[in-house]
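Engineer: this is a predicted model, with the sequence first.
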Amino acid sequence: MFGRPSSKPIKVEVFAKTDLGRTRDHNEDCFLVADLSRREASLQPAVRAHEVGERGSLFVVADGMGGAAAGELASQMATDSIYQQMVRAWGTEREVTAQRFAYRLKEAVEVANEQIHAYAATHPEVRGMGTTTTAVGVLADHFFLTQVGDSRAYLIRNGEAVQLTRDQSLMQRLVEAGELTEEEAARSERRNIILQALGPDARVKVDLTHQEVRRGDILVLCSDGLSGTVKKEEIAAVATRERDLQAACDKLIALANERGGPDNITVVLARFDGEGLRPPEPNAEMGYQVYPLIDTETSTEPVPVYRGSPAPEPAARNRRRMIVLFVIAAAAAVALYLVNRSQ
């Protein structure tokens, strides 16, 4: 059962850090760590180690774009808006269930998009600004993940890292269509082209997924300043080996900077424990899993993945190639649109 209630405690230790990197002149990344039950967002000791209460916990990473101070403003607005909306709407929700929690989290991201878009429309100096957003809510024994853009969430269990989110990027679509390998996508000059962000458009399609939490799990949220330079296996090794989460964040950021620090670097690490969580099991499902909203809510349809499936017939292959070409053209148009609006 999603987000099953438990009378036994679920404990979380968390730390987060953001860094300028080696090549940027200002930091457009932002993060947020919050205990929603106590309505406190900070890195104070009471939040850095707390029990997951009835209203859950919230972790957000946002990577802004838009030039000048626009990206920095967009990422700050995203984290603030998501938190404030969760406090206002979820904090007063009478139906304290996994369905309502997931709905309110998705709604909060959509509200953040509307606010950023509306602000940019009335302030020409920041028109076109936007931000990626990976926001994870924890309720009882479940993560609920919302994704817009290419920041990431990983789950580390028994020393192994699995990506929980899917990048909303051109390269990810080509990988899923079987046109590129992950290694080729990572080396591509087009790897930074994203298909969605909060702010540039009035509406946004939020990807909503979930994952059961097990005892000893480590949740990692990061901007592409980390994931673009440090492999997930390396992230898992540092986070598993280093008991102190602050030291682990420092080491991961140092590693990204040693490799050139081409972008701002942000990481959130959260370790879960307590009698309210089941122990890890060898065959427990891990990875990208769409969360099924019901009633009036709908979830994002998963993108078809051709890898591992039987080879398509010629007509299907042609349709697939047409889809890929359409995606490339659309992504190029979006990228040009964002560049023009940010100038």
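Structural biologist: On my side now, so go ahead. Numbering: from 1, shown residues only.
Engineer: from here on, contacts and neighbour counts on C-alpha atoms
Structural biologist: Will do.
Engineer: helices of this structure, start to end?
Structural biologist: With helices called from DSSP state H, the chain shows them at 45-48, 70-85, 98-122, 170-176, 182-187, 224-227, 232-241, 245-258, 314-342.
Engineer: going by mean pLDDT, which of these comes out lowest?
Structural biologist: Within these, confidence is poorest for helix 314-342, with a mean of 49 (mean pLDDT).
Engineer: per-residue confidence for residue 191?
Structural biologist: Model confidence at residue 191, given as pLDDT, is 65.
Engineer: kindly report the same for the one 3 residues further on.
Structural biologist: Residue 194 is assigned a pLDDT of 84 by the prediction.
Engineer: distance of it relative to residue 94?
Structural biologist: Residue 194 sits 37 Å away from residue 94, taking CA to CA, to the nearest Å as the criterion.
Engineer: neighbour count: these two, which is higher?
Structural biologist: Higher neighbour count among residue 194 and residue 94: residue 194, with 21 against 9, using other CA atoms under 10 Å.
Engineer: now the more buried one: closest residue in space that isn't a chain neighbour?
Structural biologist: Counting by CA to CA, 6 or more residues apart in numbering, residue 169 is the residue found nearest to residue 194 once chain neighbours are left out, at 4.0 Å.
Engineer: which ones are touching the one you found?
Structural biologist: Residue 169 makes contact with 149-150, 191-196, according to CA atoms under 8 Å, 6 or more residues apart in numbering.
Engineer: which one of those is nearest residue 243?
Structural biologist: Ranked by distance to residue 243 (CA to CA), the contacts of residue 169 are led by residue 150 at 27.7 Å.
Engineer: which residues are in contact with that closest one?
Structural biologist: Going by CA under 8 Å, 6+ apart, residue 150 touches 132-133, 166-169, 194, 223-224.
Engineer: out of the residues you listed, who's nearest residue 9?
Structural biologist: For the contacts of residue 150, the residue nearest residue 9 by CA to CA is residue 133; the value is 29.1 Å.
Engineer: check what pLDDT that closest one gets.
Structural biologist: Per-residue confidence for residue 133 comes out at a pLDDT of 98.
Engineer: so how far is residue 37 from the spatially closest residue to it that is not a sequence neighbour?
Structural biologist: Taking CA to CA, 6+ apart as the measure, residue 133 lies nearest to residue 62, with 4.5 Å between them; neighbours along the chain are not counted. Between residue 62 and residue 37 the distance is 23 Å, computed by CA to CA.
Engineer: who has more neighbours, those two?
Structural biologist: Per other CA under 10 Å, whichever of residue 62 and residue 37 has more neighbours is residue 62, with 35 against 15.
Engineer: hmm, residue 130 and that one touching each other?
Structural biologist: No - the pair residue 62 / residue 130 is not scored as a contact, 9.7 Å apart, by CA atoms under 8 Å.
Engineer: give me the common contacts of these two.
Structural biologist: Both residue 62 and residue 130 are in contact with residue 75, where contact means CA under 8 Å, 6+ apart.
Engineer: nearest residue to residue 32 other than its sequence neighbours?
Structural biologist: By the measure of CA to CA, 6+ apart, the closest residue to residue 32 outside its immediate chain neighbours is residue 60, 5.0 Å from it.
Engineer: so what's the one you found bridging to?
Structural biologist: With DSSP bridges applied, the residues forming beta bridges to residue 60 are residue 32, residue 135.
Engineer: enumerate every residue touching it.
Structural biologist: Residue 60 touches 31-33, 79, 133-136, 221, counting by CA under 8 Å, 6+ apart.
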